[in-house]
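Q: return a 3D structure for these sequence lines:
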Amino acid sequence: MVIGRGARLDVPQAERLLAGPASGLPPLTLAAGSDDFLRDRVVAAFRAGAADEGADLSRLEGDDLSAEELAATLTSISLFSDARRIWIREGSKIDRATEEALLAWVDGSGEGVRVLVTTTREISELKLLQSLAEKAAVVACEAGPAETRRWVGELAREASLHLPAGAAEAIAAPAPNLLALSREMEKLRLHAAADGSVPASALSVLAGARSGASAERWATAVLSGDAARARAEAATLDAEGVGGTSCLWAIAERALAALDPQPSYGSYRKGGTGGGPALRPAEARRALHVVYQADRALKRGEIRDMEIRDYVEHGLTDADHV
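A: Reported below is the predicted structural model:
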């Protein structure tokens, strides 16, 4: 089926179309919008389609394109293929004469050539883009919250990942754009099992998780005896400017929850849901003892807030504190 003028496509539809043979493409496709990730995918599909059918692909810059150069490119003959493709980057910057030449070509036969125009601008912003949109198949390269969540599923499917419950929102909510989201998905891919399943614990690597909960993850690492992870979390906390006192209370909450599991002791009630093993009573009492010593040393001026994490880690690994 040939997609005609005025068609509106989402990016996955456009990718399938543009990666296929030129015979199924409209003469002109306009991909407009500010999301770099989406535009890059459209261009990649256009390139892939050209490569698969051995078509020549020319790239032209909109801000440096004359009507004469465009006409020459549109009418040039390929020595190696009957199909040719032209990508005009940032088409919003072409001048009036070049616009008229492109529209005149679209109104002609368009035989043997398929053109993709991309721009970071919204179609509604410029009359030029509106004129092109009337003659083209249009691909929207903008992603609102709903579209961002949908792309979590799309990228997971492409990578054969099986995400845990709640992962889509955890990934999509803090992502400022789809490029950032794709990087977060790549992080999860590195933690996936051979069958593509991603453990819930892997969500801790996401950018949105690296803030308030960091103190709790540090506490989990310390109480689990995972020195390497504790050091990594401490480095993140230092970079974010999180002080030692919040980490001290994260240890205390875990210990108190183990000794008296009540909802008032935060998210670690009943042994902790923070990803670490439940503390035995003796371990919890030891942890509280170290917390008390650290708090007393801080109040006496013997240590500074920034030294609390090192003090606690040393105290919990020192046999004298048992």
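
Q: the helices in the stretch 1-150 of the chain, which residues?
A: Counting by DSSP state H, counting those that start in this stretch, the segments of the stretch 1-150 of the chain that form helices are 11-18, 36-52, 67-75, 96-107, 127-135, 145-158.

Q: what does the first one rub up against?
A: Pointing back at helix 11-18 there. 3, 9, 24-25, 29, 31, 38, 41-42, 44-46, 48-49, 116, 137, 139-141, 154 (Cβ atoms under 8 Å, 6 or more residues apart in numbering). C-beta here means a position set from N, CA and C on the backbone, and glycine is covered the same way.

Q: which of those are buried?
A: Buried subset of these (neighbour count, 16 or more other Cβ atoms under 10 Å): 3, 9, 25, 29, 31, 38, 41-42, 45-46, 49, 116, 137, 139-141.

Q: widest-spaced pair of these?
A: 49 and 140 (19.8 Å; Cβ to Cβ).

Q: what's the burial count for residue 242?
A: Counted with other Cβ atoms under 10 Å, residues neighbouring residue 242 total 19.

Q: hang on, I meant residue 292
A: Residue 292: 12 neighbours (other Cβ under 10 Å).

Q: quick check: it vs residue 66, distance?
A: 78 Å (Cβ to Cβ, to the nearest Å).

Q: low-confidence ranges, the stretch 1-150 of the chain, go.
A: 1-2, 78-81, 109-110 (pLDDT under 70).

Q: was I right about residue 136 contacting residue 5?
A: Yes: with contact defined as Cβ atoms under 8 Å, residue 136 counts as touching residue 5 (6.5 Å).

Q: more neighbours: those two, which one.
A: residue 136 (28 against 14).

Q: gap between that one and residue 26?
A: On the measure of Cβ to Cβ, residue 136 and residue 26 end up 7 Å apart.

Q: pull up the overlap in contacts between these two.
A: Shared contacts of residue 136 and residue 26, defined by Cβ under 8 Å, 6+ apart, are found at residue 5.

Q: neighbours around residue 92, how many?
A: 19.

Q: any chance of the helices of the stretch 1-150 of the chain in TSV, plus distance to residue 237?
A: As requested, the helices of the stretch 1-150 of the chain are exported to TSV (distance: least, Cβ to Cβ, whole Å):
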stretch	distance to residue 237
helix 11-18	38
helix 36-52	30
helix 67-75	56
helix 96-107	54
helix 127-135	47
helix 145-158	28
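
Q: single out the most deeply packed of those helices.
A: Burial of the helices of the stretch 1-150 of the chain is given as mean neighbour count (mean count of other Cβ atoms under 10 Å); helix 11-18 ranks first at a mean of 20.

Q: coming back round to it: shared neighbours, residue 136 and residue 5?
A: With Cβ under 8 Å, 6+ apart, residue 136 and residue 5 have common neighbours 26, 28, 106.

Q: with adjacent residues omitted, what lies nearest to the second one?
A: Beyond its immediate neighbours in the sequence, the residue positioned closest to residue 28 (Cβ to Cβ, 6 or more residues apart in numbering) is residue 136, lying 4.1 Å away.

Q: what sits against that neighbour?
A: Residue 136 touches 5, 6, 26, 28, 29, 30, 106, 117, counting by Cβ under 8 Å, 6+ apart.

Q: for it, grab phi and psi.
A: Main-chain torsions, residue 136, degrees, to the nearest 10: phi -120, psi 170.

Q: for residue 21, see how far away it is.
A: Counting by Cβ to Cβ - residue 136 and residue 21 are separated by 19 Å.

Q: which helix or which strand is home to the residue positioned nearest the centre of the chain?
A: The centre of the chain sits closest to residue 181, judged by Cα atoms, centre = their mean, with a distance of 1.1 Å. Element membership for residue 181, per DSSP states H and E: helix 178-190.

Q: and that helix, how far out from the chain middle?
A: 5 Å (Cα atoms, centre = their mean, to the nearest Å).

Q: so after that helix, what's the next helix or strand?
A: Following helix 178-190 toward the C-terminus (DSSP H and E): helix 214-224.

Q: what packs against that next one?
A: helix 227-240, helix 244-259, helix 308-317 (3 or more Cβ pairs under 8 Å, 6 or more residues apart in numbering; DSSP states H and E).

Q: mean neighbour count, those helices: which tops it?
A: Compared across the helices and strands packed on helix 214-224, helix 244-259 shows the largest average neighbour count, a mean of 23 (mean count of other Cβ under 10 Å).

Q: correct me, but residue 198 touches residue 164?
A: Yes: applying Cβ under 8 Å as the test, residue 198 and residue 164 come out as touching, 6.1 Å apart.
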